[in-house]
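> for reference, the sequence and a predicted model appear below.
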Amino acid sequence: MTTAPDIDIATAGLFFPEDGERLQHWRLALQSAKIPYTVEWDEGTPVLVVPSEYTEAARSELASYDYNNIDWPPEPLEKPEEQPKAKPLATITSLEAALASLVVLTGIHIRSTLSGEAWKAGGLWNAEKIRAGEIWRIVTALTLHGDEAHLASNLFWITALLAVIGVDLGGGLAAFFMLLAGISSNLAMLLLGAEHSSLGASTMVFALVGLLCTLRTADAIRKRRLHGGNFVSLLPWLPLFTGVAVFAFYGTAPGSDVLAHLCGLVCGLLWGLAALPCKKAASRNWLQLAAGLLAIGVVAAAILKLP
């Protein structure tokens, strides 16, 4: 250590570090510049004493040191937040709901084929007959199909979308909201004065598209708020835009029931808002079972009305 024990205090330069840590740093700075010094104590307060001929050099060296180390030591890095685990594409319960819908709709189609046109005619959507009291048609029309190609297309989309939505809502609730949105769609067509006849699960397909759009849009908005940023960004609304694009490409194809598809999409979007609070109950097995059985029960009760 370079010190100067015989410094004349009367003419020496005095430097007052704020604390012991600053004293140690200043001592190292003076040593590196080969400036002699000594440490005195004034009622417990450290004082750096530098010979008068080194006063300006010491002042310059210490000022330079403080300037270059103003942000040192750096603040300790915050522990990175644990990133939430990515959602699985499907869960056991969502796959079970998807497979159950496949079995139910396939079974109904086989029964319809074996029963002939009379059974199908008794269940398709017909505004006049519904107003006359055949309310079951609002449900049965969602389960009947014109041919195997029609059935296969709807089964593909229903099973795929149910498996995805079931990750958020659980399989039973996903199936329940799908049916609820489909029934609401048929009721909406009745209120809109539609007079044509129709059948097919495509109404529920677009209801599922609407449900998924609402759930994913709500997730995107929540994440946007949590992480800051400009809320008016288009990014959180991409799922909704995607749903509209799917309807534009597939829901308006020649020969399709555009009104039913549109009502399905809109009702799915609206029921998606009601489904958001249910995400917290997705892990309750008894609720999933009750919702799934209720959905199957409603369909069974309507099917039993057919000749």
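Good, I have the coordinates. Numbers count the residues shown, from 1 in each chain.

> give the buried residues for stretch 107-121.
Ile108, His109, Ser112, Trp119, Lys120 (16 or more other CB atoms under 10 Å). No exception for glycine: its C-beta is placed from N, CA and C like everyone else's.

> Leu151 is in contact with His145, correct?
Yes - the pair His145 / Leu151 is scored as a contact, 4.1 Å apart, by CB atoms under 8 Å.

> tell me, what's touching those two both at once?
Each of Leu105, His109 lies in contact with both His145 and Leu151 under the rule CB atoms under 8 Å, 6 or more residues apart in numbering.

> so which of the buried residues of stretch 107-121 comes closest to Ser197?
Nearest to Ser197 out of the buried residues of stretch 107-121 is Lys120 (CB to CB; 10.7 Å).

> do I have it right that Ile130 meets Leu187?
No - Ile130 lies out of contact with Leu187 (CB under 8 Å); the separation is 9.1 Å.

> looking at those two, which one has more neighbours?
Under the criterion of other CB atoms under 10 Å, the comparison of Ile130 against Leu187 puts Ile130 first, with 18 against 15.

> which residues touch that one?
Taking CB under 8 Å, 6+ apart as the test, what Ile130 contacts is Arg137, Ile138, Leu190.

> take those residues and keep only those in helices.
Counted as lying in helices by DSSP state H, out of the contacts of Ile130, are Arg137, Ile138, Leu190.

> and the buried ones among these, selectable in ChimeraX?
Those of the ones in helices among the contacts of Ile130 that count as buried under 16+ other CB under 10 Å are selected in ChimeraX with:
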select :137,138,190
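
> tabulate the ones in helices among the contacts of Ile130 (a markdown table), appending distance to Cys213 and pLDDT.
Listed next are these as a markdown table, based on distance: CB to CB, whole Å; pLDDT from 0 to 100:
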| residue | distance to Cys213 | pLDDT |
| --- | --- | --- |
| Arg137 | 28 | 94 |
| Ile138 | 24 | 95 |
| Leu190 | 24 | 91 |
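
> relative to Leu23, which of the ones in helices among the contacts of Ile130 is nearest.
Ile138 (85.4 Å).

> so what's that closest one closest to, chain neighbours aside?
Asn186 (4.4 Å; CB to CB, 6 or more residues apart in numbering).

> so which elements touch the helix or strand where that neighbour lies?
Element membership of Asn186 [criterion: DSSP states H and E] is helix 171-191. For helix 171-191, the contact count by 3 or more CB pairs under 8 Å, 6 or more residues apart in numbering; DSSP states H and E identifies helix 92-115, helix 127-131, helix 137-140, helix 148-169, helix 202-226, helix 258-275, helix 285-303 as packing neighbours.

> name the residue closest to the centre of this protein, please.
Asp219 (2.9 Å; CA atoms, centre = their mean).

> tell me how far that one lies from Leu144.
Here Asp219 is placed at a distance of 34 Å from Leu144 (CB to CB, to the nearest Å).

> now the strands for the stretch 1-150 of the chain?
13-15, 38-42, 45-50, 125-126 (DSSP state E, counting those that start in this stretch).
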